[in-house]
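J.: sequence and predicted structure are below.
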Amino acid sequence: MESYYAQYGVVVAVLIAGIGLVAVAFTAARIVAPRRPLPEKLTTYECGIDPVGEGWAQTQIRYYIYAFLFVIFDVESVFLFPWATIFERLGMQAVVEMGIFIFILALGLLYAYRKKVLQWA
Amino acid sequence: MSHGLLLTAGQSFVDGWFNSLWVVVIAKAIIVLVFVLVAPLGVGYMEHKVLAHMQHRLGPMYAGRFHGWAQLLADGVKFVQKEDIVPSAADSGVFSLAPAVVLVPYIAIFVVIPFGKTVWAVNLDVGIFYVLAITSVSIIGIMMAGWASANKFSLIGALRAAAQLIAYELPLILAAAAVVMQAGTLSLVGIADAQHAFWYVLTQPIAFFVFMVAAIAELTRPPFDMPIADSEIIFGAFTEYTGLKFAFFLLAEYAGIVAFSAIASVLFLGGYQPILGLHIIPGFFWMSAKVGALSFFIIWLRATFPRLREDQLQRFAWVVLIPLALADIMVTGVIKVLVK
């Protein structure tokens, strides 16, 4: 148990060191860098002309399909990794079971493909 | 200091230096941090020089006198002195936090990567799973950057990046799963050790192909650089960034090249295992050489390929890479059980 905490202790220590690095660098930049804010300088960049409308604009809704598909396959990968380490011991039965699982997910992907949601019109 | 699991898996070279657990943890954190600050500069310099010579230029020649070796240090000093501009329309808190959210996960990856039989910080028993999980956090940082900028180019770039990163995350995970199946362990040290007879690139060439393509897409490097396509959307999610914050995104990109080259080396090229049984040369040099070679390859692609179109990129992931990786997993499983 101690080694478990020792292992993740290093992970936490590196995360803290990384955050510390960012904090120190930002502080240094704040001291060294000049600060001369002008209204023109602080406008949103739009190729040099005055910005039109607001920046939080409407965008493609089609991206959400990818997010859906991603969640399905990402959950699969959570099941896949524990299985991958021990399936050899369980033998062909385990491979067939995972095959059925992957087949069902692949059917979902095929359905999405046939529905042409992976294709942008 | 009792080690339990660590003892069975071998010890890190740092463990022998100090008796106190706390000192060991702090020493490891410092070593990882220094490595993450130095290695990306090496790759960045390599990119300057390799691209320059591929385009019949010399690249940086003046900084540091000898072939411009100190160019990136000079750039870093310059970036710190630049004014930090936060657009008045932007959500300043999220805007300032985003570079840290992108960079810190890349630093955390290097905790588990083995550069030699004993040259690693931690041998996590879920090593590769940890790496794949923590790389996903950078997506949130890029979304934060794009959304908080309140800029149309940034928003388009961030959404492209998010869609691209989640699409190519899957082939990356599935290709890594195929290697885990063959090695029978999730530990990166274990996977490297399992390749003492032969490298997995020989038995898993399809997984290696899928992994490298997905890794380059995850890095948003050419030919998959639509999220920062400079001719269409300026610099994507990073359009509004200046000074040190911008530099941190660049540092994260180069750290990412090192990280993904290192992971690919461990998974497919034997990590610290020597070529032709040349054990005289330490594993650290072999690992560094492999990481350098893969980094060179990733840089090379930038000089060679044009950019894909956004929908072509998405189709390629969902229609080609993911089915290919799924089939590879099934074939690996059947062969491994039959051969046993």
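T.: Received it, and whenever you're ready, just let me know what you need. Remember, it's a predicted structure, so these values are computed and weren't measured experimentally.
J.: quick one: list the elements packing against the longest helix seen in chain A.
T.: As assigned by DSSP state H, the longest helix anywhere in chain A is helix A:2-32. Applying 3 or more Cβ pairs under 8 Å, 6 or more residues apart in numbering or on different chains; DSSP states H and E, one finds that helix A:2-32 contacts helix B:5-8, helix B:21-54, helix B:71-81, helix B:92-109, helix B:243-268. (C-beta placed from N, C-alpha, C; glycine too.)
J.: single out the most deeply packed of those helices.
T.: helix B:243-268 (a mean of 25; mean count of other Cβ atoms under 10 Å in any protein chain shown).
J.: which other helices and strands contact the helix or strand encompassing A:Leu105?
T.: Using DSSP states H and E, A:Leu105 maps to helix A:92-114. The contact analysis (3+ Cβ pairs under 8 Å, 6+ apart) places helix A:92-114 against helix A:63-90, helix B:322-339.
J.: buried sites along it?
T.: By 16 or more other Cβ atoms under 10 Å in any protein chain shown, the buried positions in helix A:92-114 come out as A:Ala94, A:Val95, A:Met98, A:Ile102, A:Leu105, A:Ala106, A:Leu109, A:Ala112.
J.: nearest to chain B, of these?
T.: Lowest distance from chain B to these (Cβ to the nearest Cβ) belongs to A:Val95, with 4.3 Å.
J.: which residues touch the residue lying closest to B:Ala74 once chain neighbours are set aside?
T.: Nearest residue to B:Ala74, sequence neighbours excluded (Cβ to Cβ, 6 or more residues apart in numbering or on different chains): B:Ala63, at 4.5 Å. Applying Cβ atoms under 8 Å, 6 or more residues apart in numbering or on different chains to B:Ala63 gives the contacts B:Trp69, B:Ala70, B:Gln71, B:Leu73, B:Ala74.
J.: now the first one: closest residue in space that isn't a chain neighbour?
T.: This means B:Trp69. Spatially, and ignoring its direct neighbours in sequence, B:Trp69 is nearest to B:Tyr45 (6.6 Å; Cβ to Cβ, 6+ apart).
J.: wait, the one you found touches B:Phe66, no?
T.: No - look at B:Tyr45 against B:Phe66 with Cβ atoms under 8 Å: they stay out of range, at 11.6 Å.
J.: contacts for stretch B:37-50?
T.: A:21, B:59-60, B:67-69, B:71-73, B:250-251, B:254-255, B:257-258, B:292, B:295-296, B:299-300, B:302-303.
J.: can you give me the offset of the helix holding A:Leu105 from its chain's centre?
T.: Mean-position distance between helix A:92-114 and its chain equals 24 Å (Cα atoms, centre = their mean, to the nearest Å).
J.: over to stretch A:72-84?
T.: Worked out by Cα atoms, centre = their mean, stretch A:72-84 lies 16 Å from the chain centre.
J.: and if you look at stretch B:152-167?
T.: Distance, centroid of stretch B:152-167 to centroid of chain: 19 Å (Cα atoms, centre = their mean).
J.: wait, does that stretch contact chain A?
T.: Yes - Stretch B:152-167 is in contact with chain A by Cβ under 8 Å from any Cβ of the partner chain, via B:Lys152, B:Phe153, B:Ser154, B:Leu155, B:Ile156, B:Leu159, B:Ala162, B:Ala163, B:Ile166, B:Ala167.
J.: sorry, back to before: looking at the helices and strands packed on helix A:2-32, spot the one closest to A:Phe87.
T.: helix B:243-268 (18.3 Å; Cβ to Cβ).
J.: the closest one near chain A anywhere?
T.: Yes - interface with chain A: helix B:243-268 contributes B:Gly243, B:Leu244, B:Phe248 (Cβ under 8 Å from any Cβ).
J.: does stretch B:198-213 come close to chain A?
T.: No - applying Cβ under 8 Å from any Cβ, one finds stretch B:198-213 out of contact with chain A, separated by at least 12.1 Å.
J.: and that stretch, how far apart are its ends?
T.: This stretch, stretch B:198-213, spans 23 Å end to end (Cα to Cα, to the nearest Å).
J.: how near is B:Leu276 to A:Thr43?
T.: 61 Å (Cβ to Cβ, to the nearest Å).
J.: so which of these two has more stuff around it?
T.: A side-by-side neighbour count of B:Leu276 and A:Thr43, using other Cβ atoms under 10 Å in any protein chain shown, places A:Thr43 first with 13 against 5.
J.: and for the more buried one, nearest residue in space, chain neighbours not counted?
T.: Closest residue to A:Thr43 apart from its sequence neighbours, by Cβ to Cβ, 6+ apart: A:Pro51 at 6.3 Å.
J.: again, but for B:Arg160
T.: Closest to B:Arg160 by Cβ to Cβ, 6+ apart is B:Pro227, at 4.4 Å.
J.: pick the most deeply packed of the helices and strands packed on helix A:92-114.
T.: Among the helices and strands packed on helix A:92-114, helix B:322-339 has the highest mean neighbour count (mean count of other Cβ under 10 Å), at a mean of 18.
J.: tell me how many other residues surround the residue nearest to B:Arg160.
T.: Per other Cβ under 10 Å, the neighbour tally for B:Pro227 reads 26.
J.: likewise B:Ser149?
T.: For B:Ser149, the neighbour count with other Cβ under 10 Å is 31.
J.: that one contacts B:Ala90, correct?
T.: Yes - B:Ser149 lies in contact with B:Ala90 (Cβ under 8 Å); the separation is 5.5 Å.
J.: now do the shared contacts for these two.
T.: Taking Cβ under 8 Å, 6+ apart as the contact rule, B:Ser149 and B:Ala90 both touch A:Thr44, B:Glu240.
J.: let's verify the residue nearest to B:Ala74: helix, strand, or coil?
T.: Local secondary structure at B:Ala63 is given as coil here, using DSSP: H, G, I helix; E, B strand; the rest coil.
J.: then the one 4 residues further on?
T.: B:His67 carries the three-state label coil when classified by three-state DSSP.
J.: how close does the spatially closest residue to it that is not a sequence neighbour sit to chain A?
T.: Closest residue to B:His67 apart from its sequence neighbours, by Cβ to Cβ, 6+ apart: B:Met61 at 6.3 Å. From B:Met61 across to chain A, the span is 27 Å (Cβ to the nearest Cβ, to the nearest Å).
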